[in-house]
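*Asks:* generate coordinates for the sequence data below:
(one chain, ligands or ions: 1)
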Amino acid sequence: MKEACRKFSDAEPFPQVSKVCRTSTYTKSMKTPNSFIEPAALQLLLSISVVCNLEPVLGVPSQEIVRANVPWGYGNNSGGGYLGPDYWTNLPGGTSCGGSRQSPINFVTMSATRRNYEKDRLFFDKHGKSPIDEKWTFVNNGHSVQLTTFYKAGERPELQQNSLNGIYVFDQVHFHWGSDDKFGSEHLVDGSAAVLELHIVHSLRNASNEEINQRRDGLAVIGILFEIGNFDNPKLESFVRNLERVAQPGSSINNAVLAGHTLKDLIPSNKTFFRYMGSLTTPPCTENVVWTVFTQKQKISLDQLAVFRTVLANNELEHNATVSPVPVSDNYRPPQPLNGREVFLFVDGASSLSICQKLLALITLLDSVINLLYSRKVFGSSI
Ligand SMILES: [Zn+2]
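*Replies:* Sure, this is the predicted structure:
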């Protein structure tokens, strides 16, 4: 995760944090009129209701401030000015990379504390808004490709959740990926990596940089994992094609028109996510991030992933001048110790609820058929 490189001015006054409380509809929707249901069917229905009211078990998942003139990278060596993660604690100026609340981590699904998403939903407010003239800035900073943009007044995307202590505004997007199909993401799920991880960085609205750095939750970062799909992901295509324009080290463009595409395109439909308190995943590893990492993976084709792998590292930042540019690929930090931190798993039961609703509908239909047959029999015998 890269720290927000700049703060955007925001004309709106400091917000009174609105606590948005939504009553869960999960239980309500399980209630079914029982006046037409046979006792046996009702018993079955109640049993299913009990089962369905349990939080669904997930399927078994299958793994910066950039300081100019301070060299760091992702390799295992310390030579040639190319400092890998093992050496980040020694960087000039000091870092928090040896702290006790570092990121990324490996999520262990069975060990996570479960929360019902319906009772504490994430609100992506205005993430579906298009930026001004639909233009984005792409920067190859030598460690990743970072995207920023500007929105009309009042249209900048905001992130809210009842359990978050503030409103967060969108800052930037960037990616982490691997050189092969086995690795790429920073966060692991039950020991497995994804091929790519997208970070959408939000910072506390109307807070100073000092406050953002000092608070444990100064930044709210959304992590989205990707898996290989058989087809190009159309929602990713415009992003990917503009990557080709910043493949060279240190290059940037500020006129990438992503017509019709918004941040909302990148966010999974199922909102089940892991939550924990952590840090930037790059130097200086500031421990000021509340992390949200979705479990539902988005798709990316091998062709699209290949474009990411053509992006080259900034030679001046990561290597001495005599070394040729190398792919940025493998720009992920290894998982860090949990050190007793609690990890939460917010479970979005929408998909399971749908299955339950189908079961209930089937039972209701069967009951109606039985009732109909029984009525005909009784009616027939009375003649
Ligand atoms: Zn990142």
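*Asks:* which residues does residue 101 contact?
*Replies:* 216, 277, 278, 279, 287, 339, 341 (C-beta atoms under 8 Å, 6 or more residues apart in numbering). Any C-beta I mention is one placed from the backbone N, CA and C, and that applies to glycine too.
*Asks:* confidence score at the last one?
*Replies:* Just to be clear, that refers to residue 341. Predicted confidence (pLDDT) at residue 341: the value is 98.
*Asks:* got the contact list for it?
*Replies:* Residue 341 makes contacts with 101, 105, 276, 277, 278, as judged by C-beta under 8 Å, 6+ apart.
*Asks:* does the fourth one touch residue 338 like I think?
*Replies:* No - in this structure residue 277 lies outside contact range of residue 338 using C-beta atoms under 8 Å: 10.9 Å.
*Asks:* in strands, which of the contacts of residue 101 appear?
*Replies:* Here DSSP state E is the test, and those give 277, 278 as lying in strands.
*Asks:* mind giving me the PyMOL select for the contacts of residue 101, buried ones only?
*Replies:* Selecting only the buried entries of the contacts of residue 101 in PyMOL, with 16 or more other C-beta atoms under 10 Å as the criterion:
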select buried, resi 277+278+279+287
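*Asks:* is stretch 293-306 up against the ion anywhere?
*Replies:* No - residues of stretch 293-306 contacting the ion under C-beta under 5 Å from the ion: none, with a closest distance of 11.3 Å.
*Asks:* any buried residues in that stretch, and which?
*Replies:* In stretch 293-306, counting by 16+ other C-beta under 10 Å, buried: 293, 294, 295, 296, 297, 298, 299, 300, 301, 304, 305.
*Asks:* likewise for stretch 187-196?
*Replies:* Residues of stretch 187-196 classed as buried under the neighbour-count rule (16+ other C-beta under 10 Å) are 187, 188, 189, 192, 193, 194, 195, 196.
*Asks:* narrow the residues you listed to those in helices?
*Replies:* Among the buried residues of stretch 187-196, no member falls in helices (DSSP state H).
*Asks:* nearest to the ion among those residues?
*Replies:* Nearest to the ion out of these is residue 187 (C-beta to the ion; 10.0 Å).
*Asks:* the closest one is in contact with residue 107, isn't it?
*Replies:* Yes - counting by C-beta under 8 Å, residue 187 does reach residue 107; the two are 6.5 Å apart.
*Asks:* need the overlap of contacts for the two.
*Replies:* Residues touching both residue 187 and residue 107 (C-beta under 8 Å, 6+ apart) are 274, 293.
*Asks:* now do the contacts for the residue in the stretch 51-200 of the chain that the ion sits nearest to.
*Replies:* Using C-beta to the ion, residue 199 is the residue of the stretch 51-200 of the chain that sits closest to the ion, at 3.8 Å. Residues near residue 199 by C-beta under 8 Å, 6+ apart: 1, 2, 173, 174, 175, 176, 221, 222, 223, 224.
*Asks:* I'd assumed it was in a helix, is it?
*Replies:* No - Residue 199 is assigned strand when assessed by DSSP: H, G, I helix; E, B strand; the rest coil, not a helix.
*Asks:* and the helices in the stretch 151-300 of the chain?
*Replies:* Residue ranges of the helices in the stretch 151-300 of the chain, as given by DSSP state H, counting those that start in this stretch, are 209-214, 234-243.
*Asks:* burial count for the residue of the stretch 201-350 of the chain found nearest the ion?
*Replies:* Residue nearest to the ion within the stretch 201-350 of the chain: residue 281 (5.3 Å; C-beta to the ion). Using other C-beta atoms under 10 Å, residue 281 is surrounded by 29 other residues.
*Asks:* next: the one 5 residues further on.
*Replies:* One way to gauge burial is a neighbour count; for residue 286, by other C-beta under 10 Å, it gives 22.
*Asks:* skipping adjacent residues, who's closest to it in space?
*Replies:* Leaving aside its sequence neighbours, residue 286 sits nearest to residue 280 (C-beta to C-beta, 6 or more residues apart in numbering; 5.1 Å).
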